[in-house]
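Undergrad: Kindly generate the corresponding structure for this input.
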Amino acid sequence: MKTLLKKIVIIPTYNERENIEDIIRAVFTLHQTFDILIVDDNSPDGTANIVKGLQAHEYKLNLHILERKIKNGLGTAYIDGFKWCLKNGYEYIFEMDADFSHNPSDLPKLFEALCEGADVSIGSRYKTGVNVVNWPMSRVMMSYFASAYVRFITGMNIRDTTAGFVGYRSKVLRHIDLDKIKFRGYAFQIEMKFTAWKHGFTIEEVPIIFTDRTKGESKISKGIIQEAIGGVVSMKVKSWFRKYQKYTTS
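TA: Sure thing, here's the model as predicted:
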(Lines give C-alpha, C1' and ligand atoms only; values in the text may rest on other atoms or scores of the structure.)
Protein backbone atom coordinates (compact mmCIF):
# COMPACT_ATOMS: atom_id res chain seq x y z
CA MET A 1 0.00 0.00 0.00
CA LYS A 2 2.87 2.37 0.72
CA THR A 3 3.95 2.36 -2.91
CA LEU A 4 0.50 3.65 -3.89
CA LEU A 5 0.85 6.52 -1.45
CA LYS A 6 4.25 7.78 -2.57
CA LYS A 7 3.52 10.60 -5.04
CA ILE A 8 0.43 12.78 -5.36
CA VAL A 9 -0.59 15.81 -7.40
CA ILE A 10 -2.94 18.39 -5.89
CA ILE A 11 -5.11 20.10 -8.50
CA PRO A 12 -7.37 22.89 -7.19
CA THR A 13 -10.50 23.49 -9.26
CA TYR A 14 -13.27 26.01 -9.69
CA ASN A 15 -15.36 25.68 -12.86
CA GLU A 16 -12.93 23.44 -14.74
CA ARG A 17 -15.37 20.97 -16.34
CA GLU A 18 -13.81 21.65 -19.75
CA ASN A 19 -10.37 20.54 -18.58
CA ILE A 20 -10.74 18.24 -15.59
CA GLU A 21 -11.23 14.85 -17.25
CA ASP A 22 -8.43 15.47 -19.75
CA ILE A 23 -5.95 16.59 -17.10
CA ILE A 24 -6.75 13.60 -14.88
CA ARG A 25 -6.28 11.15 -17.75
CA ALA A 26 -3.05 12.88 -18.78
CA VAL A 27 -1.55 12.41 -15.31
CA PHE A 28 -2.64 8.78 -15.13
CA THR A 29 -1.07 7.94 -18.49
CA LEU A 30 2.42 8.96 -17.33
CA HIS A 31 5.01 6.19 -17.10
CA GLN A 32 5.41 6.99 -13.42
CA THR A 33 2.51 6.60 -10.99
CA PHE A 34 1.14 9.77 -9.44
CA ASP A 35 -2.06 9.80 -7.41
CA ILE A 36 -4.32 12.84 -7.78
CA LEU A 37 -6.18 14.93 -5.20
CA ILE A 38 -8.74 17.34 -6.64
CA VAL A 39 -9.62 20.18 -4.27
CA ASP A 40 -12.88 21.60 -5.60
CA ASP A 41 -14.45 24.80 -4.28
CA ASN A 42 -18.08 23.87 -4.93
CA SER A 43 -17.84 24.54 -8.67
CA PRO A 44 -21.31 25.39 -10.00
CA ASP A 45 -20.43 23.88 -13.40
CA GLY A 46 -20.31 20.33 -11.99
CA THR A 47 -16.55 19.79 -11.99
CA ALA A 48 -16.78 17.68 -8.83
CA ASN A 49 -19.39 15.38 -10.37
CA ILE A 50 -17.09 14.61 -13.29
CA VAL A 51 -14.29 13.76 -10.87
CA LYS A 52 -16.53 11.53 -8.77
CA GLY A 53 -17.72 9.73 -11.88
CA LEU A 54 -14.13 8.93 -12.90
CA GLN A 55 -13.37 7.98 -9.33
CA ALA A 56 -16.26 5.52 -9.13
CA HIS A 57 -15.77 3.81 -12.48
CA GLU A 58 -12.07 3.98 -13.38
CA TYR A 59 -9.69 5.32 -10.74
CA LYS A 60 -10.99 4.06 -7.40
CA LEU A 61 -7.59 3.76 -5.72
CA ASN A 62 -5.63 6.68 -7.16
CA LEU A 63 -8.11 9.55 -7.65
CA HIS A 64 -9.29 11.48 -4.60
CA ILE A 65 -11.46 14.56 -4.13
CA LEU A 66 -11.71 17.09 -1.33
CA GLU A 67 -14.87 19.18 -1.68
CA ARG A 68 -15.01 22.57 -0.01
CA LYS A 69 -18.26 24.43 0.57
CA ILE A 70 -17.18 27.82 -0.77
CA LYS A 71 -14.60 29.42 -3.06
CA ASN A 72 -11.99 30.49 -0.54
CA GLY A 73 -8.79 31.17 -2.43
CA LEU A 74 -5.99 29.21 -4.05
CA GLY A 75 -3.80 29.32 -0.96
CA THR A 76 -6.33 27.78 1.41
CA ALA A 77 -7.17 25.12 -1.20
CA TYR A 78 -3.54 24.05 -1.29
CA ILE A 79 -3.17 24.21 2.49
CA ASP A 80 -6.21 21.95 2.92
CA GLY A 81 -4.77 19.67 0.23
CA PHE A 82 -1.35 19.55 1.89
CA LYS A 83 -2.89 18.58 5.22
CA TRP A 84 -4.94 15.82 3.57
CA CYS A 85 -1.86 14.43 1.82
CA LEU A 86 0.26 14.47 4.97
CA LYS A 87 -2.50 12.76 6.93
CA ASN A 88 -2.65 10.05 4.27
CA GLY A 89 1.07 9.35 4.24
CA TYR A 90 2.30 10.82 0.95
CA GLU A 91 6.04 11.48 0.67
CA TYR A 92 6.15 13.61 -2.52
CA ILE A 93 3.44 16.24 -2.97
CA PHE A 94 3.01 18.34 -6.11
CA GLU A 95 0.93 21.36 -7.13
CA MET A 96 -0.44 21.72 -10.63
CA ASP A 97 -3.13 23.76 -12.41
CA ALA A 98 -6.07 22.04 -14.08
CA ASP A 99 -5.90 24.02 -17.33
CA PHE A 100 -2.80 22.40 -18.95
CA SER A 101 -0.69 25.53 -18.47
CA HIS A 102 1.49 23.04 -16.58
CA ASN A 103 2.30 20.05 -18.75
CA PRO A 104 1.72 16.78 -16.84
CA SER A 105 4.66 15.24 -18.71
CA ASP A 106 6.95 17.55 -16.69
CA LEU A 107 5.89 15.95 -13.40
CA PRO A 108 8.58 13.23 -13.59
CA LYS A 109 11.24 15.95 -13.95
CA LEU A 110 10.05 17.66 -10.78
CA PHE A 111 10.00 14.31 -9.00
CA GLU A 112 13.51 13.50 -10.22
CA ALA A 113 14.82 16.78 -8.80
CA LEU A 114 13.41 15.83 -5.39
CA CYS A 115 14.94 12.36 -5.61
CA GLU A 116 18.33 13.89 -6.43
CA GLY A 117 18.43 16.04 -3.30
CA ALA A 118 16.11 19.02 -3.64
CA ASP A 119 13.51 19.59 -0.93
CA VAL A 120 11.41 21.81 -3.21
CA SER A 121 11.34 21.62 -7.01
CA ILE A 122 9.89 24.40 -9.14
CA GLY A 123 8.66 24.14 -12.71
CA SER A 124 10.35 27.34 -13.83
CA ARG A 125 9.30 29.52 -16.77
CA TYR A 126 12.35 31.75 -16.44
CA LYS A 127 15.38 29.63 -15.54
CA THR A 128 16.55 29.41 -19.16
CA GLY A 129 15.07 32.61 -20.57
CA VAL A 130 11.33 33.22 -21.02
CA ASN A 131 9.50 29.99 -21.83
CA VAL A 132 5.86 31.06 -22.10
CA VAL A 133 3.42 30.27 -24.93
CA ASN A 134 0.18 32.08 -25.82
CA TRP A 135 0.54 34.97 -23.38
CA PRO A 136 0.35 38.57 -24.64
CA MET A 137 3.64 40.40 -24.24
CA SER A 138 2.16 42.65 -21.54
CA ARG A 139 1.38 39.67 -19.34
CA VAL A 140 4.77 38.06 -19.98
CA MET A 141 6.51 41.28 -18.94
CA MET A 142 4.30 41.67 -15.86
CA SER A 143 5.02 38.12 -14.71
CA TYR A 144 8.74 38.29 -15.45
CA PHE A 145 9.29 41.59 -13.66
CA ALA A 146 7.04 40.52 -10.78
CA SER A 147 9.43 37.64 -10.18
CA ALA A 148 12.39 40.00 -10.41
CA TYR A 149 10.70 42.34 -7.92
CA VAL A 150 10.10 39.48 -5.47
CA ARG A 151 13.68 38.32 -5.88
CA PHE A 152 14.95 41.83 -5.10
CA ILE A 153 12.75 42.30 -2.03
CA THR A 154 13.22 38.85 -0.51
CA GLY A 155 16.78 38.01 -1.50
CA MET A 156 15.79 34.58 -2.82
CA ASN A 157 17.88 33.31 -5.73
CA ILE A 158 14.84 31.98 -7.60
CA ARG A 159 14.05 33.03 -11.15
CA ASP A 160 10.36 32.10 -11.10
CA THR A 161 9.17 33.13 -7.65
CA THR A 162 5.48 33.14 -8.60
CA ALA A 163 5.44 29.67 -10.21
CA GLY A 164 2.52 27.42 -9.35
CA PHE A 165 4.00 24.14 -10.62
CA VAL A 166 5.87 22.94 -7.54
CA GLY A 167 6.92 19.72 -5.81
CA TYR A 168 7.58 19.30 -2.09
CA ARG A 169 9.06 16.56 -0.01
CA SER A 170 6.68 15.92 2.86
CA LYS A 171 9.29 16.95 5.44
CA VAL A 172 9.06 20.54 4.16
CA LEU A 173 5.30 20.72 4.67
CA ARG A 174 5.55 19.01 8.06
CA HIS A 175 8.31 21.34 9.27
CA ILE A 176 6.87 24.70 8.32
CA ASP A 177 3.72 25.86 10.10
CA LEU A 178 1.10 25.73 7.34
CA ASP A 179 -1.35 27.65 9.52
CA LYS A 180 0.99 30.67 9.41
CA ILE A 181 0.80 30.89 5.61
CA LYS A 182 -1.54 33.85 5.21
CA PHE A 183 -1.85 34.70 1.52
CA ARG A 184 -4.91 33.30 -0.24
CA GLY A 185 -4.28 34.29 -3.85
CA TYR A 186 -1.29 33.71 -6.10
CA ALA A 187 0.97 35.40 -3.55
CA PHE A 188 0.59 32.14 -1.65
CA GLN A 189 3.13 30.66 -4.07
CA ILE A 190 5.64 33.35 -3.13
CA GLU A 191 5.05 32.90 0.60
CA MET A 192 5.51 29.13 0.42
CA LYS A 193 8.84 29.44 -1.40
CA PHE A 194 10.03 32.20 0.91
CA THR A 195 9.09 30.23 4.03
CA ALA A 196 10.79 27.05 2.80
CA TRP A 197 13.89 29.08 1.89
CA LYS A 198 14.00 30.79 5.31
CA HIS A 199 13.82 27.37 6.97
CA GLY A 200 16.91 26.34 5.03
CA PHE A 201 15.40 23.86 2.59
CA THR A 202 17.05 23.24 -0.77
CA ILE A 203 15.11 24.66 -3.72
CA GLU A 204 15.80 23.70 -7.33
CA GLU A 205 14.27 25.14 -10.49
CA VAL A 206 13.47 22.79 -13.36
CA PRO A 207 12.97 24.46 -16.78
CA ILE A 208 9.50 23.99 -18.28
CA ILE A 209 7.46 25.53 -21.07
CA PHE A 210 4.33 27.23 -19.74
CA THR A 211 1.34 27.29 -22.09
CA ASP A 212 -1.66 29.50 -21.35
CA ARG A 213 -5.03 27.80 -21.06
CA THR A 214 -7.12 27.27 -24.19
CA LYS A 215 -10.33 26.23 -22.39
CA GLY A 216 -12.14 27.88 -19.49
CA GLU A 217 -11.51 31.23 -17.85
CA SER A 218 -8.44 32.55 -16.06
CA LYS A 219 -8.83 33.16 -12.32
CA ILE A 220 -6.28 36.00 -12.18
CA SER A 221 -7.66 39.41 -11.13
CA LYS A 222 -6.26 42.85 -10.30
CA GLY A 223 -6.84 42.15 -6.61
CA ILE A 224 -4.67 39.05 -6.78
CA ILE A 225 -1.88 41.00 -8.48
CA GLN A 226 -2.10 43.79 -5.90
CA GLU A 227 -1.90 41.25 -3.09
CA ALA A 228 1.25 39.79 -4.61
CA ILE A 229 2.95 43.17 -5.09
CA GLY A 230 2.00 44.82 -1.80
CA GLY A 231 2.15 41.66 0.27
CA VAL A 232 5.76 40.85 -0.52
CA VAL A 233 7.08 43.88 1.37
CA SER A 234 4.85 43.10 4.34
CA MET A 235 5.99 39.48 4.29
CA LYS A 236 9.65 40.52 4.23
CA VAL A 237 9.24 42.98 7.12
CA LYS A 238 7.39 40.44 9.25
CA SER A 239 10.16 37.91 8.63
CA TRP A 240 12.57 40.18 10.52
CA PHE A 241 10.61 39.51 13.70
CA ARG A 242 9.99 35.79 13.18
CA LYS A 243 12.28 32.91 14.05
CA TYR A 244 12.74 30.27 11.36
CA GLN A 245 13.99 26.96 12.72
CA LYS A 246 16.37 25.26 10.33
CA TYR A 247 15.39 21.71 9.47
CA THR A 248 17.63 18.96 10.83
CA THR A 249 17.37 15.19 10.47
CA SER A 250 18.19 14.58 14.12
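
Undergrad: Run through the strands of the chain in chain order.
TA: Counting by DSSP state E, the chain has these strands, from start to end: 7-13, 35-40, 63-67, 92-95, 120-124, 132-133, 166-169, 203-207, 210-211.

Undergrad: With distance to Cys85, mean neighbour count and mean pLDDT as extra columns, can I get those in a markdown table?
TA: Quick note: C-beta positions are derived from backbone N, CA and C, even for glycine. Output for these, formatted as a markdown table (distance: least, CB to CB, whole Å; neighbours: other CB atoms under 10 Å; pLDDT from 0 to 100):
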| stretch | distance to Cys85 | mean neighbour count | mean pLDDT |
| --- | --- | --- | --- |
| strand 7-13 | 5 | 25 | 97 |
| strand 35-40 | 6 | 24 | 98 |
| strand 63-67 | 9 | 17 | 97 |
| strand 92-95 | 5 | 24 | 98 |
| strand 120-124 | 15 | 25 | 96 |
| strand 132-133 | 29 | 14 | 78 |
| strand 166-169 | 9 | 24 | 98 |
| strand 203-207 | 19 | 19 | 96 |
| strand 210-211 | 24 | 20 | 86 |
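
Undergrad: Save these as CSV, and put in distance to Phe152 too.
TA: Listed next are these as CSV, based on distance: least, CB to CB, whole Å:
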stretch, distance to Phe152
strand 7-13, 29
strand 35-40, 32
strand 63-67, 36
strand 92-95, 24
strand 120-124, 17
strand 132-133, 21
strand 166-169, 21
strand 203-207, 17
strand 210-211, 22
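
Undergrad: mind checking which of those is nearest Gly185?
TA: Closest approach to Gly185 among the strands of the chain is made by strand 7-13 (12.0 Å; CB to CB).

Undergrad: how distant is that closest one from the center of its chain?
TA: How far strand 7-13 lies from its chain's middle: 8 Å, per CA atoms, centre = their mean, to the nearest Å.

Undergrad: could you say what helices and strands it packs with?
TA: Packed against strand 7-13 by the contact rule (3 or more CB pairs under 8 Å, 6 or more residues apart in numbering; DSSP states H and E) you find helix 20-28, strand 35-40, helix 47-57, helix 74-87, strand 92-95.

Undergrad: Serialize the ones you listed to JSON lines and add fields for distance to Asp160.
TA: Shown next, in JSON lines, are the helices and strands packed on strand 7-13 (distance: least, CB to CB, whole Å):
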{"stretch": "helix 20-28", "distance to Asp160": "21"}
{"stretch": "strand 35-40", "distance to Asp160": "23"}
{"stretch": "helix 47-57", "distance to Asp160": "27"}
{"stretch": "helix 74-87", "distance to Asp160": "17"}
{"stretch": "strand 92-95", "distance to Asp160": "13"}
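
Undergrad: Minimum distance to Tyr244: which of these has it?
TA: Nearest of those to Tyr244, taken as CB to CB: helix 74-87 at 18.3 Å.

Undergrad: roughly how far is the closest one from the heart of the chain?
TA: On CA atoms, centre = their mean, the centre of helix 74-87 falls 10 Å from that of its chain.

Undergrad: How about residues contacting that helix?
TA: Residues outside helix 74-87 that contact it (CB atoms under 8 Å, 6 or more residues apart in numbering) are 8, 10, 12, 37, 39, 41, 64, 66, 68, 93, 95, 164, 168, 170, 173-174, 178-179, 181-188, 191-192, 219.

Undergrad: low pLDDT regions in the chain?
TA: Scanning the chain with the threshold set as pLDDT under 70 gives 1-5, 213-228, 250.
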